[in-house]
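Show me the folded form of this:
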Amino acid sequence: MDIVLGPLILVIQIALNILVWMVIVQAVMSWLVAFGVVNTRNRFVYLVGDFLYRITEPLLRPIRRVLPDMGGIDLSPVVLLLAIVFIQNVLGRIAIRYIGF
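Alright, predicted model coming up:
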């Protein structure tokens, strides 16, 4: 069991770390687009923004439905990041308890 569980937890941790950075970059990029710092008519900027939107939006949309409307402030990335940190801590505790990492 340890042979499978250890690497599986490690892969999930890495995927969650990548997701954390994608959420952060998507939030910063949305601010830069909103303030006119970057132009989405640039093909590369558009492709990066579209990719990040497609990856993060399915995770952020259910959170936005639950959160109350805060005007122009979107707190869903913060809630998602807190949920990811919680999941990472749970996986870390499982790894320590059952595998001994």
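
ok, so what distance separates the spatially closest residue to Leu91 that is not a sequence neighbour from Gln88?
On the basis of C-beta to C-beta, 6 or more residues apart in numbering, the spatially nearest residue to Leu91 that is not a chain neighbour turns out to be Ile9, at 5.2 Å. C-beta here means a position set from N, CA and C on the backbone, and glycine is covered the same way. Distance from Ile9 to Gln88, counting by C-beta to C-beta, to the nearest Å: 10 Å.

Kindly report the same for Ile63.
Distance of Ile63 to Gln88, given as C-beta to C-beta: 17 Å.

could you say which helix or strand contains the residue nearest to Leu91?
Ile9 belongs to helix 2-34 when assigned by DSSP states H and E.

Average pLDDT for that helix, rounded please.
What helix 2-34 shows for mean pLDDT is 93.

Next secondary structure after that helix?
With elements assigned by DSSP H and E, the helix or strand that comes after helix 2-34 is helix 43-66.

Please spell out which residues along that following helix are buried.
In terms of neighbour count (16 or more other C-beta atoms under 10 Å), helix 43-66 has its buried residues at Val48, Gly49, Leu52, Thr56, Leu59, Leu60, Ile63.

so the fifth one touches Leu80, yeah?
Which is Leu59. Yes - proximity of Leu59 to Leu80 meets the contact threshold set by C-beta atoms under 8 Å, at 5.7 Å.

quick revisit: redo the buried residues of helix 43-66 as TSV? Include distance to Asp2 and pLDDT.
TSV is the format used below for those (distance: C-beta to C-beta, whole Å; pLDDT from 0 to 100):
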residue	distance to Asp2	pLDDT
Val48	39	94
Gly49	42	94
Leu52	36	95
Thr56	33	96
Leu59	30	96
Leu60	35	95
Ile63	34	95
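
now, which of these sits nearest Val33?
Gly49 (6.8 Å; C-beta to C-beta).

now that closest one: how far from Gln13?
Distance of Gly49 to Gln13, computed by C-beta to C-beta: 27 Å.
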